[in-house]
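J.: I would like to see how this sequence folds:
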Amino acid sequence: MLVSHEPEGLPAGEVARQLSVPHNTMSAHLAVLSRAGWVVSQRQSRQIIYRASLSHMDSVIQFLLQDCCAGHPELCASLIDSLSGCRVNESAEQDNH
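T.: I've put the predicted structure just below:
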(Lines give C-alpha, C1' and ligand atoms only; values in the text may rest on other atoms or scores of the structure.)
Protein backbone atom coordinates (compact mmCIF):
# COMPACT_ATOMS: atom_id res chain seq x y z
CA MET A 1 0.00 0.00 0.00
CA LEU A 2 2.77 2.44 0.88
CA VAL A 3 4.59 1.80 -2.40
CA SER A 4 1.46 2.73 -4.32
CA HIS A 5 1.27 6.02 -2.38
CA GLU A 6 4.76 7.21 -3.25
CA PRO A 7 6.06 9.83 -2.97
CA GLU A 8 3.52 11.47 -0.65
CA GLY A 9 3.15 8.56 1.81
CA LEU A 10 0.24 7.98 4.17
CA PRO A 11 -0.52 8.97 7.75
CA ALA A 12 -0.41 6.04 10.17
CA GLY A 13 -4.12 6.41 10.92
CA GLU A 14 -5.02 6.17 7.24
CA VAL A 15 -2.93 3.02 6.85
CA ALA A 16 -4.78 1.51 9.83
CA ARG A 17 -8.17 2.57 8.44
CA GLN A 18 -7.53 1.17 4.96
CA LEU A 19 -6.32 -2.14 6.38
CA SER A 20 -9.02 -2.30 9.06
CA VAL A 21 -6.43 -2.69 11.79
CA PRO A 22 -6.61 -1.03 15.23
CA HIS A 23 -4.42 2.08 15.37
CA ASN A 24 -2.20 0.81 18.20
CA THR A 25 -1.63 -2.50 16.38
CA MET A 26 -0.77 -0.66 13.15
CA SER A 27 1.64 1.61 15.01
CA ALA A 28 3.44 -1.44 16.40
CA HIS A 29 3.67 -3.02 12.93
CA LEU A 30 4.90 0.21 11.35
CA ALA A 31 7.52 0.58 14.10
CA VAL A 32 8.84 -2.92 13.33
CA LEU A 33 8.93 -2.18 9.59
CA SER A 34 10.71 1.10 10.30
CA ARG A 35 13.39 -0.54 12.48
CA ALA A 36 13.92 -3.13 9.73
CA GLY A 37 14.38 -0.35 7.15
CA TRP A 38 11.30 -1.14 5.04
CA VAL A 39 9.49 2.13 5.83
CA VAL A 40 10.53 5.65 6.78
CA SER A 41 8.50 8.11 8.77
CA GLN A 42 8.30 11.86 9.05
CA ARG A 43 6.31 13.95 11.48
CA GLN A 44 4.05 16.53 9.85
CA SER A 45 2.34 18.57 12.52
CA ARG A 46 0.42 16.05 14.64
CA GLN A 47 0.62 13.20 12.12
CA ILE A 48 3.35 10.74 11.31
CA ILE A 49 3.57 10.10 7.57
CA TYR A 50 4.91 6.72 6.52
CA ARG A 51 6.55 5.98 3.19
CA ALA A 52 8.01 2.85 1.68
CA SER A 53 11.81 2.84 1.69
CA LEU A 54 12.32 2.25 -2.02
CA SER A 55 16.10 2.34 -1.66
CA HIS A 56 15.94 -0.48 0.91
CA MET A 57 13.63 -2.48 -1.35
CA ASP A 58 16.02 -1.96 -4.26
CA SER A 59 18.96 -3.16 -2.15
CA VAL A 60 17.10 -6.29 -1.05
CA ILE A 61 15.96 -7.09 -4.60
CA GLN A 62 19.50 -6.62 -5.93
CA PHE A 63 20.88 -8.90 -3.21
CA LEU A 64 18.27 -11.57 -3.89
CA LEU A 65 18.90 -11.48 -7.63
CA GLN A 66 22.66 -11.76 -7.18
CA ASP A 67 22.30 -14.53 -4.59
CA CYS A 68 19.60 -16.33 -6.60
CA CYS A 69 21.64 -16.46 -9.74
CA ALA A 70 24.86 -17.67 -8.10
CA GLY A 71 26.47 -17.87 -11.50
CA HIS A 72 23.35 -19.26 -13.20
CA PRO A 73 21.46 -16.25 -14.61
CA GLU A 74 18.95 -18.51 -16.36
CA LEU A 75 17.48 -19.26 -12.94
CA CYS A 76 16.37 -15.64 -12.56
CA ALA A 77 15.65 -14.74 -16.19
CA SER A 78 11.86 -14.55 -15.82
CA LEU A 79 12.16 -12.47 -12.64
CA ILE A 80 14.63 -10.09 -14.25
CA ASP A 81 12.35 -9.73 -17.27
CA SER A 82 9.37 -8.90 -15.06
CA LEU A 83 11.38 -6.27 -13.17
CA SER A 84 12.59 -4.60 -16.34
CA GLY A 85 8.96 -3.69 -17.09
CA CYS A 86 8.91 -1.62 -13.89
CA ARG A 87 11.84 0.48 -15.02
CA VAL A 88 10.30 1.10 -18.44
CA ASN A 89 7.04 2.28 -16.85
CA GLU A 90 8.97 4.45 -14.42
CA SER A 91 10.91 6.10 -17.26
CA ALA A 92 7.73 6.68 -19.26
CA GLU A 93 6.07 8.22 -16.22
CA GLN A 94 8.99 10.60 -15.70
CA ASP A 95 8.80 11.64 -19.36
CA ASN A 96 5.15 12.58 -18.87
CA HIS A 97 6.00 15.04 -16.08
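
J.: Where does the prediction get shaky in the protein?
T.: Within the chain, the ranges that satisfy pLDDT under 70 run 68-69, 83-97.

J.: can we see that at 50?
T.: Along the chain, the parts satisfying pLDDT under 50 run over 88-97.

J.: residue boundaries of the helices in it?
T.: 12-19, 23-35, 54-69, 77-95 (DSSP state H).

J.: So which of the ones you listed is nearest Gln44?
T.: Closest approach to Gln44 among those (CB to CB): helix 12-19, 11.2 Å. Bear in mind the C-beta positions are built from the backbone N, C-alpha and C, glycine included.

J.: Can you list the buried residues in that closest one?
T.: 12, 14-16 (16 or more other CB atoms under 10 Å).

J.: Break the protein into its domains for me.
T.: Taking automatic domain parsing as the criterion, the chain consists of the domains 3-52, 55-95.

J.: Please identify the deepest-packed of those.
T.: When these are scored by mean count of other CB atoms under 10 Å, the highest mean neighbour count falls to domain 3-52 (a mean of 14).
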